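> Just the structure for this:
(chains A and B)
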There are 2 protein chains.
Amino acid sequence: MDIRPIGVFDSGLGGLTCVKRLMELMPGEDIIYLGDTGRVPYGGRSRETIIKYARQDIDFLLRHDIKAVVAACGTVSTNGLEEIAGDYPIPVFGVADAAAEAAVSATKNGKIGLIGTKASIRSTAYDEKLLRLMPEVQIHKTACPLFVPLVEEGRTGEDDPVLSLVAEQYLADLRDAGVDTLILGCTHYPLIAGTVGRIMGPRVTLIDPGAQAAAKLRRELYKLGGLADREKGAYSYFVTDSAEDFARTASLFLGFRIEGSVKRVSLEERQ
Amino acid sequence: MDIRPIGVFDSGLGGLTCVKRLMELMPGEDIIYLGDTGRVPYGGRSRETIIKYARQDIDFLLRHDIKAVVAACGTVSTNGLEEIAGDYPIPVFGVADAAAEAAVSATKNGKIGLIGTKASIRSTAYDEKLLRLMPEVQIHKTACPLFVPLVEEGRTGEDDPVLSLVAEQYLADLRDAGVDTLILGCTHYPLIAGTVGRIMGPRVTLIDPGAQAAAKLRRELYKLGGLADREKGAYSYFVTDSAEDFARTASLFLGFRIEGSVKRVSLEERQ
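Numbering: from 1, shown residues only, chains lettered A, B, ... in the order given. Below is the predicted model:
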């Protein structure tokens, strides 16, 4: 048993969809969450900047004696995370690896779709991960830059006409391509899985990377004998912009009000 | 005659709509533009963070021997710019002051509308400016957080169904309130003035703060004898994220391809 906390980071609040899955799957674990809300979103930034920010995020979490790091940020986990993961003394993995493994297990016709931010789609990280696991895979990708602002405006209802119109436009090509598996390549997207699923149809399996990462982490910790087998863990949240704003919007992603402390920190000064 | 350059800054690229007006009105001026693309958008951030960023932006411009600073960022010019403007040895003003003056001149029924980012609308800076100029003014405000991502996705056409649907929803209350003047309180909005104008109707005057700031600066420099009366000025652009990305998207806001150098700089390290 290893009672050290699990560290999770994201560019903003979206990574809380992954934290929620971790809480459900492993209720005994302490979790430390870092949301880099002062610099969100990472999606439109250069690869070099994304790697710099990811290092600062991981360095911050490491100062809290954690046993593993999950990069809950789709952008980070497809832009250089593999390059830097080996530099750390504990397991560091991103949601993308877990999602790629799950997608390959799920697909029957070998046609996998991927939606994400511009940076995630521009990156070939998912292609490489999928091709390594399934050399004959066909990959169809579409950037959906309006999904994040729509979710953050709370337009997640299946009856929202703007969300439906935008989603129809974004997803038409993927549907026409006949993918049977679709990776929701951004932490925000599980919140609009209802609309995405309705448009893609019932035969398409949606892959939620945060849920897959939580399941993968549980398997790895179990193998290592590193699960914290307690009744209930403690949660701490750190953000790089206003802590009040965080507490207010976090419930959107968690589905319940925040328990545990929320503190504001500066990553730049700590360099 | 004062041939020192004019400094203009914004959180990203939107401020180029103001630069374009400056170029048209004062073709002889040198212009130095700073787009803080590494930390865009400022709109959702706390007031404290916005002021910190604004100081870093102004400090950077001051190192280029400029004669005036225009904060082309609606968020900055309504979140603390007045507090810090007096700390500098040259004129520093934001697009909001110029827009408030123009709106008060334009309105006949005293009902002025304002649209902007969440932070601009949450702030009472425009209210204070308008009330100071016209104590009996009625102000109607609406945050339009999806307009920026829509513009940045290039959905600016009057026939774009998503833009039209979103704009109809955002603007309905303002139209019903009977405003006869509407301040486009975000640098991106002049690009969708066609759609906003169509929905608001022909009797509503749209106020473009960037254009008003350019006109105000020209008047002030003329009074001081500080205009650079040359055939053509030189332009330099600085960004805090990828310079290539900047050059590619800047034409969206300028309406022409960038002339002059684009350099990437780090504001954090210079502190």
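
> can you give me the helices in chain A?
A:16-25, A:47-62, A:74-77, A:81-85, A:95-106, A:118-122, A:125-133, A:147-152, A:161-176, A:193-200, A:209-223, A:243-254 (DSSP state H).

> Mean neighbour count and mean pLDDT for these - can I get that in CSV?
In short, each C-beta sits where N, CA and C put it, glycine included. Listed next are the helices of chain A as CSV, based on neighbours: other CB atoms under 10 Å in any protein chain shown; pLDDT from 0 to 100:
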stretch, mean neighbour count, mean pLDDT
helix A:16-25, 22, 94
helix A:47-62, 19, 94
helix A:74-77, 32, 87
helix A:81-85, 17, 91
helix A:95-106, 24, 96
helix A:118-122, 21, 83
helix A:125-133, 18, 95
helix A:147-152, 23, 92
helix A:161-176, 17, 97
helix A:193-200, 18, 97
helix A:209-223, 20, 94
helix A:243-254, 17, 84
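
> what's the closest of those to residue B:180?
helix A:161-176 (27.9 Å; CB to CB).

> Residue of the stretch 101-250 of chain A closest to chain B, please.
Here the stretch 101-250 of chain A gets closest to chain B at one residue, residue A:242, 3.9 Å apart by CB to the nearest CB.

> Next, the contact list for that residue, please.
By CB atoms under 8 Å, 6 or more residues apart in numbering or on different chains, the contact list for residue A:242 reads A:37, A:264, B:45-46, B:48-49.

> Return the backbone torsion pair for the residue nearest to the spatial centre of chain A.
Centre of chain A computed as the mean C-alpha position; nearest residue by CA atoms, centre = their mean is residue A:72, 3.5 Å away. With angles defined as degrees, to the nearest 10, residue A:72 sits at phi -80, psi 10.

> Tell me who's in contact with it.
Counting by CB under 8 Å, 6+ apart, residue A:72 touches A:8-10, A:14-19, A:95, A:187, A:210, A:213.

> How much space separates it from chain B?
19 Å (CB to the nearest CB, to the nearest Å).

> What parts of the stretch 151-271 of chain A come near chain B?
Residues of the stretch 151-271 of chain A found near chain B (CB under 8 Å from any CB of the partner chain) are A:152-153, A:161-162, A:165-166, A:169, A:241-242, A:245, A:268.

> now, the most widely separated pair of those?
A:161 and A:268 (41.0 Å).

> on that earlier part again, neighbours of the nearest residue in space to the residue nearest to the centre of chain A that is not next to it in sequence, how many?
Leaving aside its chain neighbours, residue A:72 sits nearest to residue A:15 (3.1 Å; criterion: CB to CB, 6 or more residues apart in numbering or on different chains). Using other CB atoms under 10 Å in any protein chain shown, residue A:15 is surrounded by 28 other residues.

> now residue A:1
10.

> Now do the contacts for it.
For residue A:1, the contact set (CB under 8 Å, 6+ apart) comprises A:225-229.

> Chain B versus that one, what's the distance?
40 Å.

> quick revisit: so which of the contacts of residue A:72 is the closest to residue A:2?
Of these, the one sitting nearest to residue A:2 (CB to CB) turns out to be residue A:8, at 16.2 Å.

> And chain A, what are its domain boundaries?
Split into domains by automatic domain parsing, chain A comes to A:6-94+A:211-264, A:97-210.

> Give me the contacts around stretch A:153-170.
A:115, A:142, A:144, A:146-147, A:150, A:191-192, A:194-196, A:198-199, A:252, B:145-146, B:161-162, B:165-166, B:169.

> Pull up the residues of the stretch 1-150 of chain A that are close to chain B.
A:38-40, A:44-46, A:48-49, A:145-146, A:148-150.

> The same query, at a cut-off of 10 Å, please.
A:12, A:37-41, A:44-49, A:52-53, A:118, A:143-150 (CB under 10 Å from any CB of the partner chain).

> Can you tell me the closest non-neighbouring residue to residue A:41?
Nearest one to residue A:41, counting by CB to CB, 6+ apart, is residue A:11 at 5.6 Å.

> check contacts around that neighbour.
Neighbouring residues of residue A:11 by CB atoms under 10 Å, 6 or more residues apart in numbering or on different chains: A:34-43, A:45, A:50, A:53-54, A:57, A:71-76, A:117, A:187, A:240.

> let's go with 6 Å and repeat that
By CB atoms under 6 Å, 6 or more residues apart in numbering or on different chains, residue A:11 lies in contact with A:36, A:40-42, A:73.

> Could you do residue A:146 as well?
A:166, B:149.

> so how far is residue A:227 from residue A:192?
Between residue A:192 and residue A:227 the distance is 32 Å, computed by CB to CB, to the nearest Å.

> Which one's more surrounded, those two?
Each of residue A:192 and residue A:227 has its neighbours counted (other CB under 10 Å); residue A:192 has more, 23 against 19.
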